[in-house]
Structure formats: C-alpha cells, structure tokens
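J.: sequence and predicted structure below; questions after.
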Amino acid sequence: MEVGFLGLGIMGKAMAVNLLRNGFEVTVWNRTLSKCEELVEHGASVGETPAAVVKKCKYTIAMLSDPPAAISVVFGKDGVLEQLCDGKGYIDMSTVDADTSSKISKAITEVGGRFLEAPVSGSKKPAEDGQLIILAAGDKALYEEMLPAFSVLGKKDFFLGEVGNGAKMKLIVNMIMGSTMNAFSEGLALAGRTGLSPETLIEMLGLGAVGNPMIMMKGPTMLKSNYSPAFPLKHQQKDMRLALALGEENGLAMPVAAAANEAFIRAKSLGLGDQDFSAVYEAVKADGLKQ
Ligand SMILES: NC(=O)C1=CN([C@@H]2O[C@H](COP(=O)(O)OP(=O)(O)OC[C@H]3O[C@@H](n4cnc5c(N)ncnc54)[C@H](OP(=O)(O)O)[C@@H]3O)[C@@H](O)[C@H]2O)C=CC1
Ligand SMILES: O=CCCC(=O)O
C-alpha cells in the first residue's frame, strides 16, 4: 500500500518509520524539509510540497501540531486541496477541535475527495511500537481502506461516526490526562514539602487503585527533572484549551480542567512549552515557593 505522510514531528516520524518497516511505500513531507532526510534512510520518498505528496498518493496521512498547522497544510499555497480529487483519501491524525476537522472535511469532500479524522492516544513509544489507540470518524469506507495502516500503527481502533466525534473524544481523553498530571504533580510536591518521600508515594500509588501507567512511567523521570519531550507541554495546553472550549459549547463547567489549564499556561511562561508535559511539576513547585 502506498501512503503520503505530512508532518514528521515526534509522532509523525515514528509513525512513518513504522509504516516503512512494515512494507508500506511512504512519501513524506515536512515543513522543515531537512527532517525528511532521516526517513529517506528508512526508504521513504520525499514530496517537495503537500500538494506533490497528494498528487502521488491515493491516501495521505497528516500528523501536525495544532489547528492552524492543520488548516495551513490543507488550504495554503501548494497545499493538499490543490491536488485532492477523484476519491483520494485524506486522513488527519493530528489533535484538533471538531470545527477545524469539519472545515477540512467540507473542503475536501467539495472537491471530490474523502476525509477521515483519526487522532491517537499514546505517545512517542507507543507510536514507535505500533501500539497507538486510533479514534477515527468520518468516511466509513475510507476507514475500512485504512485498516491495514491502522493495524500497523495501533493496537486498537475505534470508528466513532460523524466527523468531529474523533476530535471530541480525543480532547476529552487528554483533558482527563492533563488534570490527572496536575493532581499527581501537586501530590508529589506536597509529599516533598511535608518531608515525606516522593519515591515512596509513587511506590504506594502503584500498589493501589490510584496508580496508573502514566503516573508509574512519568513519576520517576519527574523526580529526576528529566523532561525529554514525548508529549510536548505546549500541545497538552492546546488540548486543555480546546477541551475547555468544547465544555463551554456544551454548557459544562469544568473547574478542575480550567485549573489544570492555568498550570500548563504558567509552565509555558516558565519556558517549559517544548519539554514533556510532565514538566508542569516544575510550575507547581515554583508556585509553591512564591508563598
Ligand atoms: N507527542 C505525543 O505524545 C502525541 C501528540 N499528539 C498530537 O499529534 C500532533 C503532533 O504531535 P507531535 O509529533 O508531538 O508534535 P511536534 O511538535 O513534534 O511536531 C509537529 C509537526 O507539525 C509541523 N508543523 C507545525 N506547524 C506547522 C505549520 N504551520 N505548517 C506545517 N507544518 C507545521 C511541524 O513541522 P516542523 O518540523 O517544520 O516544525 C512538525 O512536523 C499534535 O496535534 C499532538 O497534539 C497525539 C498523541 C500523542
Ligand atoms: O496526545 C497525547 C497523548 C499522550 C498519551 O496518550 O500518552
């Protein structure tokens, strides 16, 4: 199967390499074109523009940072729309809001193309290992045609119905994750402040119902102040912001998520936006010191 792949950041690179390792022919593009070189070593071809990739491939996957990036790659000069026609499929796996996804879907179907949103749960390592969870919605036939690729990229895929449902579900999942990370960071900081061992706290959490894979994986690296990015904090804050907007649209107040969003904003203002989202722990600790 031949696919195009737009966006070779932390996730896109791992996913494209995985497709190549599993026998897919992959043509890649990245805004910073030099990032394509590593993929060429794995056997990829390079398209000079998103339009060039779409012209070559029946199916094109995108994995881009945020709504403005997703919009600009589709609607911009040399963008996807210039070549998307005749039943070609566009699969956007970026985490964006439902409005962005619907705008892209409408434009693509108007020119005869087909659209599927397919954001993912799981981070850098699951992307490398083909263990993502895929939250697809949109064109059902395109979803079925993409199953060979999804089975390489993920351990489980869901088809959630109309465009927007995948985006909404993804934002809800990440809102819970961001709030949980903040509660955990406050617990670690409080343990430290009261003279208790944060290491013992993590061990105890792991033995009971509160422990979860995120806490057990991130906790030890947080205590070493190792925030090498798997999921950049700036993207987690983007997801909190978009989830809060979804709550507002639906008349649901979410004070816990709102407080977590503020903490991520504070962390960004401390220069931690490109670090792993677990670096919010540093903002929690820094805030405590102000008192
Ligand atoms: N990292 C993670 O654990 C996970 C991330 N996600 C989501 O996946 C998406 C990608 O995440 P991740 O790989 O971590 O992010 P990165 O920041 O590592 O990569 C972002 C990608 O988007 C590109 N990009 C940014 N702005 C533009 C633009 N205006 N026009 C064209 N391309 C642009 C970047 O290009 P360039 O190289 O030129 O900067 C890069 O390829 C995000 O939506 C994120 O929320 C979902 C699940 C897990
Ligand atoms: O969007 C990023 C999600 C990261 C994860 O699920 O571990």
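T.: Cool, got the structure. Ligands and ions are numbered 1, 2, ... in the order given.
J.: so where do the helices sit in the stretch 51-200 of the chain?
T.: 67-75, 98-110, 124-129, 140-153, 165-193, 198-207 (DSSP state H, counting those that start in this stretch).
J.: of the ones you listed, which is nearest residue 47?
T.: Each of these has some distance to residue 47 by C-beta to C-beta; the shortest is helix 67-75, at 11.9 Å. Yep, even glycine has a C-beta here, placed from its N, CA and C like the rest.
J.: how about the closest one and ligand 1, any contact?
T.: Yes: Helix 67-75 is in contact with ligand 1 by C-beta under 6 Å from any ligand atom, via 68-69, 72-73.
J.: any chance of the helices of the stretch 51-200 of the chain in TSV, plus distance to residue 235, mean neighbour count and mean pLDDT?
T.: Rendered in TSV, the data for the helices of the stretch 51-200 of the chain read as follows (distance: least, C-beta to C-beta, whole Å; neighbours: other C-beta atoms under 10 Å; pLDDT from 0 to 100):
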stretch	distance to residue 235	mean neighbour count	mean pLDDT
helix 67-75	11	19	98
helix 98-110	14	19	98
helix 124-129	12	17	96
helix 140-153	18	18	98
helix 165-193	9	20	98
helix 198-207	25	15	97
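J.: of all these, which one is nearest residue 282?
T.: If we rank those by C-beta to C-beta, the stretch that ends up nearest is helix 165-193, at 8.7 Å.
J.: pull the residues that contact whichever helix or strand residue 15 is part of.
T.: For residue 15, the element it lies in under DSSP states H and E is helix 10-21. If you take C-beta atoms under 8 Å, 6 or more residues apart in numbering as the criterion, helix 10-21 is touched by 3, 5-6, 8, 26, 28, 30, 35, 38-39, 42-44, 61, 63-64, 93, 120, 123-124, 127-128, 130, 132, 149, 152-153, 229-232.
J.: near ligand 1 too, which of the residues you listed?
T.: Restricting these to those near ligand 1 - C-beta under 6 Å from any ligand atom - leaves 8, 30, 35, 63-64, 120, 123-124, 230-232.
J.: now do the contacts for residue 73.
T.: 6-7, 50, 62, 64, 79-80 are the contacts of residue 73 under C-beta under 8 Å, 6+ apart.
J.: with pLDDT and neighbour count added, can I get those residues in a markdown table?
T.: Putting the contacts of residue 73 into a markdown table (pLDDT from 0 to 100; neighbours: other C-beta atoms under 10 Å) gives the following:
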| residue | pLDDT | neighbour count |
| --- | --- | --- |
| 6 | 98 | 31 |
| 7 | 98 | 26 |
| 50 | 98 | 28 |
| 62 | 98 | 26 |
| 64 | 98 | 24 |
| 79 | 98 | 19 |
| 80 | 98 | 28 |
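J.: read off the pLDDT value for the residue of the stretch 1-150 of the chain found nearest ligand 1.
T.: Going by C-beta to the nearest ligand atom, ligand 1 is nearest to residue 9 of the stretch 1-150 of the chain, at 1.8 Å. Note on residue 9: pLDDT of 98.
J.: which one of the helices of the stretch 51-200 of the chain lies closest to residue 222?
T.: Nearest to residue 222, of the helices of the stretch 51-200 of the chain and by C-beta to C-beta, is helix 165-193 at 6.7 Å.
J.: does that closest one come close to ligand 1?
T.: No: Helix 165-193 does not reach ligand 1 (C-beta under 6 Å from any ligand atom); its nearest approach is 7.6 Å.
J.: packing partners for that helix?
T.: On a contact count with 3 or more C-beta pairs under 8 Å, 6 or more residues apart in numbering; DSSP states H and E, helix 165-193 meets helix 98-110, strand 120-121, strand 132-138, helix 198-207, helix 213-223, helix 233-249, helix 255-269, helix 280-290.
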